[in-house]
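Chemist: quick one: sequence and predicted model below, then my questions.
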There are 2 protein chains.
Amino acid sequence: MDMRCSLRDISIFVAAYEERSFTAAAERENATQSGVSQHMRNLEYMLGVQLFLRERGGVTPTPAADSFYRNCMEVLRVYALARRDVTRFAKSEAGEIHVGLMPSITSRVLSPVLDRFLQEAPNVNVRITESYSASLTQTVQAGELDFAIVPSGSSDTGVRGQFFVRTPEVLVSRASGELEPLAPVCLRALAPFKLVVPGGDNIRHHTIESYCTTNDIRIGQLLELDTMLGTLDFVAHSDWMAILPAVMMAEDGGHRALCVNPIVGPDMHVDLMLIEPIRKPMSPLAARFADLLKQEAQRVSATWNTESLRLVKPARPVAVAPGR
Amino acid sequence: MDMRCSLRDISIFVAAYEERSFTAAAERENATQSGVSQHMRNLEYMLGVQLFLRERGGVTPTPAADSFYRNCMEVLRVYALARRDVTRFAKSEAGEIHVGLMPSITSRVLSPVLDRFLQEAPNVNVRITESYSASLTQTVQAGELDFAIVPSGSSDTGVRGQFFVRTPEVLVSRASGELEPLAPVCLRALAPFKLVVPGGDNIRHHTIESYCTTNDIRIGQLLELDTMLGTLDFVAHSDWMAILPAVMMAEDGGHRALCVNPIVGPDMHVDLMLIEPIRKPMSPLAARFADLLKQEAQRVSATWNTESLRLVKPARPVAVAPGR
DNA sequence: CCTCTGCCATCAGGTTTTCCGATTGTCCCC
DNA sequence: GGGGACAATCGGAAAACCTGATGGCAGAGG
């Protein structure tokens, strides 16, 4: 269809229709009478329809103009709406970021960060890829991610890494178990217990194993589960337990179905790293997003270190009731 | 609001959004890549929002573009609708006509004429004014009507008149009365009867009176009513009768509530005139409308002359059952 | 009857916008 | 490092646009 017709034509037509006078329309639209006259002549030619009867004292719209007018009002209305809607993005710079996160981060930290980020940068396409450290490292290496958050200890060939946050590890068990929620526990006191761990190719698998070996903790039974959602559900409905980063638990202890306990004797924690492609420096947008992530991760982690827990709860024996 | 934005901008934007490439959009819109690029730069400047990220292998829309796109599609949709709707009027020449008619014409003849006329000339503003002969003549004289149809015999000062149509007069009474529908009646045989007539300043008042006088018809009681709708309703619900032009009755005898009888002995009829302002000749549109009116009026009148009635009904005595 | 006024159409011109072709710059892939 | 695909930019030509002036027309008023 012929797009020779501009919105200016339309609004001039509307003015002429409503004023029933080209002269008045010209005044209203900051144009001259001759300009309006030409516009209307072109419009009529383009539509192949006479829109106005030129009569003494002004013009009177034809039935065709009546029809066209109704539709034009709608066109202008929708156009104004489009303008208004788009201003929502006006202040924000445009861009896109693609971030890789482990499930520990996506489960609890991501949501408020997304909220905040999209509010201050609505015109940015945010893409989050959830995966495990090996896969994330590889994707970063390929330059497909702006950055990723992974547990430290990953092989870091082809990526630059920097310390991101230290978060305590916590023991997660079903809420109806024998542990008192939030009370620090010593794993040795619980042994032997049933433990769900990630698969052998996951960094955290080794971390947990070496902690137990070093501290002479005997594990009753070991189950390798490589699904975070599955692990949580399984732990919630059985007497199996899991060791997970605190950063993924809500401050209030999270799901009603789960019991969360900080691990002491000795404290157990995991360091997370931010890795990025070697070549290009992080974009300002990615940097801002990483910053928000870090703030939130630190905040959540802080609520889980044993110091702050002691502040909100009266001191209690370090070792807890007999295991099993 | 700024109307710098033309529909061309919008459709180019839509093309670029869908193609995710300025080059492809240019091809689709019969433009050059550089043109598209400039259009999009202007659009972004105008909206104050970045719409595309220029990346390797094309462009990718920002969230702002997503929003704008949805609204733009609507704008184009409504615009296309406006174009389509207006083509309905394309073949017709524009104009306006203002016609004055007596109630006899508007009640039955007008409707099919309007239908036909608006179909062949939809872009014409038709205005019908219903009134009585005196008032119509005056308005024609003032040049406010293209023409009017009035009973002949009106004073024709300041107007040009020509014969329009001859239509029989018929007697109208309630359906539940003593007359047989459609049977010709001789008024003298019914006398004395109760008759509703127009007011004394109406031509028809005199016509009817002189007919009765000439043919020695004694009228029992006379009631002057200057409302056509009121007359019909009154006649339908009482034993009063009225003498009306056949041209205003439907061929099938009209309302179920009314009984219609041609008047014979002698036949009674009225001639209608078409009057127009002295100075200007009738516009082609007005002439066409008058022509259609005449055709329809002739057709209806013809069905009411006593000849054609005898064809559809077996012959019957001319004088009917005793009046009252 | 003539003039005066208000309105629209038209015209000629200058100005702005639009459009195009060519060129440049960038990135990626080979 | 060269080649290909794509977008940005630039300069000039073409088109569109706007304007101020002029003309025609129809009423109103003297």
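Modeler: Happy to help now that I have it.
Chemist: return the helix or strand where A:Leu53 lies as CSV; C-alpha atoms alone will do.
Modeler: Taking DSSP states H and E as the criterion, A:Leu53 maps to strand A:52-55. Extracted C-alpha coordinates of strand A:52-55, given in CSV (Å, rounded to 0.1, in the frame of the first residue of the first chain):
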residue,chain,number,x,y,z
PHE,A,52,-14.8,18.0,1.4
LEU,A,53,-17.4,20.1,-0.4
ARG,A,54,-15.9,23.5,-0.9
GLU,A,55,-18.7,25.9,-0.1
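Chemist: what sits against the residue nearest to A:Pro103 when sequence neighbours are not counted?
Modeler: Nearest non-adjacent residue to A:Pro103, counting by CB to CB, 6 or more residues apart in numbering or on different chains: A:Met228, 3.9 Å away. C-beta: built from backbone N, CA, C; applies to glycine. Counting by CB atoms under 8 Å, 6 or more residues apart in numbering or on different chains, A:Met228 touches A:Pro103, A:Ser104, A:Ser107.
Chemist: with the residues you listed in mind, which one is nearest to DNA strand C?
Modeler: Nearest to DNA strand C among these is A:Pro103, at 29.1 Å by CB to the nearest atom of the strand.
Chemist: give me the neighbour count for that closest one.
Modeler: A:Pro103 is flanked by 19 other residues according to other CB atoms under 10 Å in any protein chain shown.
Chemist: so where does the residue of the stretch 1-150 of chain A found nearest DNA strand D fall, helix or strand?
Modeler: DNA strand D sits closest to A:Ser34 of the stretch 1-150 of chain A, with a gap of 3.2 Å, by CB to the nearest atom of the strand. Element membership for A:Ser34, per DSSP H and E: helix A:33-47.
Chemist: from the contact counts, what lies against that helix?
Modeler: Under the contact definition 3 or more CB pairs under 8 Å, 6 or more residues apart in numbering or on different chains; DSSP states H and E, helix A:33-47 sits against helix A:7-19, helix A:22-28, helix B:63-87.
Chemist: now for the shortest one, which elements pack on it?
Modeler: Of the remaining helices and strands, those touching helix A:22-28 by 3+ CB pairs under 8 Å, 6+ apart are helix A:7-19, helix A:33-47, strand A:58-61.
Chemist: so A:Phe163 sits against A:Asp271, correct?
Modeler: Yes - counting by CB atoms under 8 Å, A:Asp271 is a contact partner of A:Phe163 at 6.5 Å.
Chemist: need the phi and psi values for A:Asn123.
Modeler: phi -90, psi 20 (degrees, to the nearest 10).
Chemist: lowest-pLDDT helix or strand in chain A?
Modeler: helix A:306-312 (a mean of 59; mean pLDDT, DSSP states H and E).
Chemist: roughly how far does A:Val185 sit from DNA strand C?
Modeler: Distance of A:Val185 to DNA strand C, computed by CB to the nearest atom of the strand, to the nearest Å: 50 Å.
Chemist: residues in contact with both of A:Phe163 and A:Asp271, list them for me.
Modeler: In contact with both A:Phe163 and A:Asp271: A:Ser152, using CB under 8 Å, 6+ apart.
Chemist: quick one: A:Ala80 from DNA strand C, how far?
Modeler: Counting by CB to the nearest atom of the strand - A:Ala80 and DNA strand C are separated by 19 Å.
Chemist: just A:Val300 next, same as before
Modeler: 35 Å.
Chemist: surely that residue touches A:Leu272?
Modeler: No - with contact defined as CB under 8 Å, A:Val300 does not reach A:Leu272; the gap is 11.8 Å.
Chemist: which neighbours do these two share?
Modeler: Common neighbours of A:Val300 and A:Leu272 (CB under 8 Å, 6+ apart) are A:Thr167, A:Val247.
Chemist: thinking again about what came up before, in TSV, list the helices and strands packed on helix A:22-28 along with mean neighbour count, distance to A:Ser176 and mean pLDDT.
Modeler: TSV is the format used below for the helices and strands packed on helix A:22-28 (neighbours: other CB atoms under 10 Å in any protein chain shown; distance: least, CB to CB, whole Å; pLDDT from 0 to 100):
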stretch	mean neighbour count	distance to A:Ser176	mean pLDDT
helix A:7-19	21	66	96
helix A:33-47	17	75	94
strand A:58-61	19	77	94
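Chemist: of those, which is nearest A:Ala148?
Modeler: helix A:7-19 (46.1 Å; CB to CB).
Chemist: distance between that closest one and the chain's centre?
Modeler: 45 Å (CA atoms, centre = their mean, to the nearest Å).
Chemist: what's in contact with it?
Modeler: A:22, A:24-25, A:28-29, A:31, A:36, A:39-40, A:42-43, A:51-52, A:58-59, A:61, A:65, A:68-69, A:72-73, A:75-76, A:79, B:3-7.
Chemist: got a markdown table for the helices and strands packed on helix A:33-47, with distance to DNA strand D too?
Modeler: Listed next are the helices and strands packed on helix A:33-47 as a markdown table, based on distance: least, CB to the nearest atom of the strand, whole Å:
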| stretch | distance to DNA strand D |
| --- | --- |
| helix A:7-19 | 6 |
| helix A:22-28 | 7 |
| helix B:63-87 | 13 |
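Chemist: mind checking how far the residue of the stretch 1-150 of chain A closest to DNA strand D is from A:Ile10?
Modeler: Relative to A:Ile10, A:Ser34 is positioned 19 Å away (CB to CB, to the nearest Å).
Chemist: can you check A:Ala65 too?
Modeler: According to CB to CB, A:Ala65 and A:Ile10 sit 12 Å apart.
Chemist: hmm, what's the outermost residue in chain A?
Modeler: A:Arg56 (64.7 Å; CA atoms, centre = their mean).
Chemist: domain assignment for chain A?
Modeler: When chain A is parsed with automatic domain parsing, its domains come out as A:7-87, A:95-312.
Chemist: lowest mean pLDDT across the ones you listed, which one is that?
Modeler: Note on those: domain A:95-312 shows the lowest mean pLDDT, a mean of 87.
Chemist: not counting its neighbours along the chain, what's nearest the residue in the stretch 151-300 of chain A positioned nearest to DNA strand D?
Modeler: Using CB to the nearest atom of the strand, the single residue of the stretch 151-300 of chain A nearest to DNA strand D is A:Arg279, 14.2 Å away. Nearest non-adjacent residue to A:Arg279, counting by CB to CB, 6+ apart: A:Gly143, 7.3 Å away.
Chemist: how about the secondary structure of that neighbour?
Modeler: coil (DSSP: H, G, I helix; E, B strand; the rest coil).
Chemist: for it, list the residues it contacts.
Modeler: With CB under 8 Å, 6+ apart, A:Gly143 has these contacts: A:Pro277, A:Arg279, A:Lys280.
Chemist: and A:Val300 and A:Leu272? which has more neighbours close in?
Modeler: A:Leu272 (24 against 21).
Chemist: name the element that one belongs to?
Modeler: Going by DSSP H and E, A:Leu272 is part of strand A:269-277.
Chemist: A:Leu110 against A:Leu101, yeah?
Modeler: Yes - here A:Leu110 lies in contact with A:Leu101, judged by CB under 8 Å, at a distance of 6.5 Å.
Chemist: gap between the residue farthest from the centre of chain A and chain B?
Modeler: Distance of A:Arg56 to chain B, computed by CB to the nearest CB, to the nearest Å: 12 Å.
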